[in-house]
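Trainee: no FASTA, just this:
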């Protein structure tokens, strides 16, 4: 059996299941703090490389961490390209929500 390095555990990412099974919507002015926290946690957990878990942070910290990370991405060419990719994915998720809501209403 292959032994793991003693410090390998801190380098593993922790994935959180999405409660309810659906992808979160972008927060708006009318979003609840819980919905906004769910969104920021989803984006950070999916797109930002990190060590450990994000679950120990409060909603305020999730949003601040997201805003700092998003701002930092724009400082390099690679970061700006990654921002474009992440934006495209998040835009597609939002468009899917809009389409599903429209079909539900019809």
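Mentor: Received it, and whenever you're ready, just let me know what you need. Being a predicted model, the structure only gives us computed values, none of them experimental. Residues are numbered from 1 along each chain as shown.
Trainee: neighbours around residue 41, how many?
Mentor: 21 (other C-beta atoms under 10 Å). C-beta coordinates here come from the backbone N, C-alpha and C atoms, glycine included.
Trainee: buried sites along the biggest helix by length in the chain?
Mentor: Taking DSSP state H as the criterion, the chain has its longest helix at helix 77-105. By neighbour count on 16 or more other C-beta atoms under 10 Å, the buried set for helix 77-105 is 83, 86, 90, 93.
Trainee: relative to residue 64, how far out is the last one?
Mentor: Okay, so that is residue 93. According to C-beta to C-beta, to the nearest Å, residue 93 and residue 64 sit 22 Å apart.
Trainee: from the contact counts, what lies against the longest helix of the chain?
Mentor: Judged by 3 or more C-beta pairs under 8 Å, 6 or more residues apart in numbering; DSSP states H and E, helix 77-105 is in contact with helix 33-47, helix 59-73.
Trainee: state the mean pLDDT of that helix.
Mentor: Per-region confidence: helix 77-105 scores 91 on mean pLDDT.
Trainee: could you give the angle of it to helix 59-73?
Mentor: If you take axes from the mean of the first three to the mean of the last three C-alpha atoms, to 10 degrees, helix 77-105 sits at 130 degrees to helix 59-73.
Trainee: hang on, residue 43 packs against residue 66?
Mentor: Yes. Under the criterion of C-beta atoms under 8 Å, residue 43 makes contact with residue 66 at 6.1 Å.
Trainee: higher neighbour count, these two?
Mentor: The neighbour count for residue 43 versus residue 66, taken as other C-beta under 10 Å, is higher for residue 43 (21 against 18).
Trainee: contact partners for that one?
Mentor: By C-beta atoms under 8 Å, 6 or more residues apart in numbering, the contact set of residue 43 is 66, 86, 90.
Trainee: return the closest of the residues you listed with respect to residue 73.
Mentor: For these, the closest approach to residue 73 (C-beta to C-beta) belongs to residue 86, at 8.1 Å.
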